[in-house]
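K.L.:
Sequence first, predicted coordinates after that:
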Amino acid sequence: MQRRVYEAAFGGDPCLDEEIVAGAESGPPRMRWLSAVLNGARGRYARAAVVLGDLVRDTDPVVSSLAASTHAAHRRQLGGHAAARRWDARALARIVAGYGTGDAVAPDGTDRCGVTAHAALLDARLGLAADALALGRGREARVLLAGAEAAASHPGTGWRSRVRCRWVRAELELATGRPAAACAPAERAAELSREHGAVRHAVKSDIVLASARTAAARGDPGCTAHAGELAERAADTAESYGLLSLLWPAALVAAECRAADAADCRDVACRAADAAEHGDVACRAADAAKHRHTVLSTLHRVLRQTDPEGRECAIASPWVPVTGDAR
């Protein structure tokens with residue numbers, strides 16, 4: 001059963017019968033953590049929070065730390081970076097307290113599900129780096145990410161940590177105005193995810209990559225169109241597997257790509273006075289509107305399954321386009 005839950009959370013089969021998910025929620029601690037990861041991926045944050053709230057008090061420092069990091073990730077997905085920072089700090093403190101100094105935690109690679117001290121240490125460090133970046137602490141984010149990348153350079157580091165390092169690296173480059181530099185780590189994250197058959201991580205990697213390519217290709221209709229197609233495929237995959245936590249960000253990036261593509265095509269059409277080009281502009285604008293509708297409808301579904309603190313994070317966040325009726 002644990003293998004099936006792992007494959008749903010981190011592998012190539014994110015779909016899982018509700019009976020199995022419910023069984024995992026009442027299983028041993030590591031199984032319960034996997035169930036919370038899976039429920040979070042599906043946008044069921046309230047359900048995940050119940051399990052994680054128990055696991056953060058577990059006597060096993062690895063389980064406790066991973067639970068705190070996962071809770072932080074769920075807050076971050078709802079735009080609650082300040083709340084996430086507190087949980088990530090707790091995760092780091094827990095794993096360091098359980099294993100001495102953080103730098104002494106070496107890769108062990110003994111647990112296929114990634115429930116290891118090294119994975120917990122990296123999750124906490126990368127979470128703190130992502131939080132710092134979103135909160136405008138760029139220098140702090142660089143220092144934290146550099147430490148995580150150094151720790152992840154050990155041969156025994158799991159694929160999941162290596163993928164996450166590249167996500168944060170790409171996001172850091174984007175945030176500091178270097179979109180071209182963001183493309184390579186995002187591409188490598190996508191490659192690693194597919195090498196390990198990780199559907200959810202591949203979707204997230206494609207979202208990051210589409211954002212990077214769009215930002216790097218302003219003014220080039222062909223490049224922004226390709227980025228839009230990548231984001232649309234990510235959204236389609238997320239929808240087909242019920243990954244609501246990724247569906248709305250993918251649709252949001254797709255909308256931004258198509259809007260940028262429409263603007264680029266409009267410039268070309270104005271210069272060329274080409275009726276066909278003007279038609280392309282209209283199609284791309286319509287696509288952007290369709291994707292924005294997906295964003296709002298998906299967020300509405302997600303927030304109905306979110307705990308009160310998570311809802312407050314989303315409502316207060318400038319990153320999450322919550323409509324009035326969702327408040």
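P.N.:
Cool, the structure landed.
K.L.:
quick one: average confidence on the strand or helix carrying residue 246?
P.N.:
In this structure, residue 246 sits in helix 244-272 according to DSSP states H and E. Averaged across helix 244-272, the pLDDT comes to 77.
K.L.:
quick check, distance from the next helix or strand after that helix to the centre of its chain.
P.N.:
Next helix or strand after helix 244-272 toward the C-terminus (DSSP H and E): helix 275-304. In terms of CA atoms, centre = their mean, to the nearest Å, the centre of helix 275-304 is found 21 Å from the chain centre.
K.L.:
For helix 275-304, buried residues please.
P.N.:
277, 280-281, 284-285, 287-288, 291-292, 294-296, 298-299, 302-303 (16 or more other CB atoms under 10 Å). The C-beta positions use only the backbone N, C-alpha and C, and glycine is treated the same way.
K.L.:
Name the residues of stretch 126-143 that are buried.
P.N.:
For stretch 126-143, by 16+ other CB under 10 Å, it's 126, 127, 128, 129, 130, 131, 132, 133, 134, 137, 141, 142.
K.L.:
ok, now stretch 227-247?
P.N.:
Neighbour-count burial for stretch 227-247 [16+ other CB under 10 Å]: 227-228, 230-232, 234-235, 237-239, 241, 243-247.
K.L.:
Stretch 314-324 now?
P.N.:
Buried, per 16+ other CB under 10 Å, within stretch 314-324: 314, 317, 320, 321, 322.
K.L.:
Look up how far residue 72 lies from the last one.
P.N.:
The one in question is residue 322. Distance of residue 322 to residue 72, computed by CB to CB, to the nearest Å: 20 Å.
K.L.:
Kindly report the same for the second one.
P.N.:
As defined by CB to CB, residue 317 lies at a distance of 15 Å from residue 72.
K.L.:
What residue spans form the domains of this protein?
P.N.:
Domain ranges of the chain: 1-157, 217-327, per automatic domain parsing.
K.L.:
With residue 196 as the reference, name the closest of the ones you listed.
P.N.:
The closest of the domains of the chain to residue 196 is domain 1-157. By CB to CB, the value is 7.9 Å.
K.L.:
what stretches of the stretch 201-327 of the chain score poorly on pLDDT?
P.N.:
219-222, 262-281, 323-327 (pLDDT under 70).
K.L.:
could you redo the last one with a cut-off of 50?
P.N.:
Residue ranges of the stretch 201-327 of the chain with pLDDT under 50: 268-272, 275-279.
K.L.:
so who does residue 249 touch?
P.N.:
For residue 249, the contact set (CB atoms under 8 Å, 6 or more residues apart in numbering) comprises residue 207.
K.L.:
ok, it to residue 148 distance?
P.N.:
In terms of CB to CB, residue 249 sits 22 Å off from residue 148.
K.L.:
Take the buried residues of stretch 314-324 and write them to TSV, including distance to residue 201.
P.N.:
Listed next are the buried residues of stretch 314-324 as TSV, based on distance: CB to CB, whole Å:
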residue	distance to residue 201
314	23
317	23
320	22
321	24
322	26
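K.L.:
Return the subset of the residues you listed lying in helices.
P.N.:
Residues of the buried residues of stretch 314-324 located in helices (DSSP state H): residue 314.
K.L.:
any idea which of the buried residues of stretch 314-324 is closest to residue 216?
P.N.:
Nearest member of the buried residues of stretch 314-324 to residue 216, counting by CB to CB, is residue 321, at 23.6 Å.
K.L.:
Tell me the backbone dihedrals of that closest one, please.
P.N.:
Taking degrees, to the nearest 10, you get phi -80, psi 70 for the backbone angles of residue 321.
K.L.:
Kindly state which of the domains of the chain is positioned closest to residue 192.
P.N.:
Comparing the domains of the chain under CB to CB, the one sitting nearest is domain 1-157, at 11.3 Å.
K.L.:
Give me the mean pLDDT for the closest one.
P.N.:
pLDDT averaged over domain 1-157 gives 90.
K.L.:
which ones are touching residue 212?
P.N.:
170, 173, 174, 179, 182, 183, 186.
K.L.:
Quick check: closest non-adjacent residue to it.
P.N.:
Spatial nearest neighbour of residue 212, chain neighbours left out: residue 182 (3.9 Å); criterion: CB to CB, 6 or more residues apart in numbering.
K.L.:
before we move on, what about residue 164?
P.N.:
Using CB to CB, 6+ apart and skipping residues adjacent in sequence, the residue nearest residue 164 is residue 126, 5.0 Å away.
K.L.:
my read: the residue nearest to residue 212 touches residue 217, true?
P.N.:
No: between residue 182 and residue 217 there is no contact, the gap being 11.9 Å when judged by CB atoms under 8 Å.
K.L.:
Give the full set of residues in contact with the closest residue to residue 256 other than its chain neighbours.
P.N.:
Among residues not flanking residue 256 along the chain, residue 214 sits closest, at 6.5 Å (CB to CB, 6+ apart). Listed by CB under 8 Å, 6+ apart, the contact set of residue 214 reads 223, 224, 227, 228, 253, 256, 257, 260.
K.L.:
The first one: helix or strand, and which one exactly?
P.N.:
Yep, that's residue 223 we're talking about. helix 221-240.
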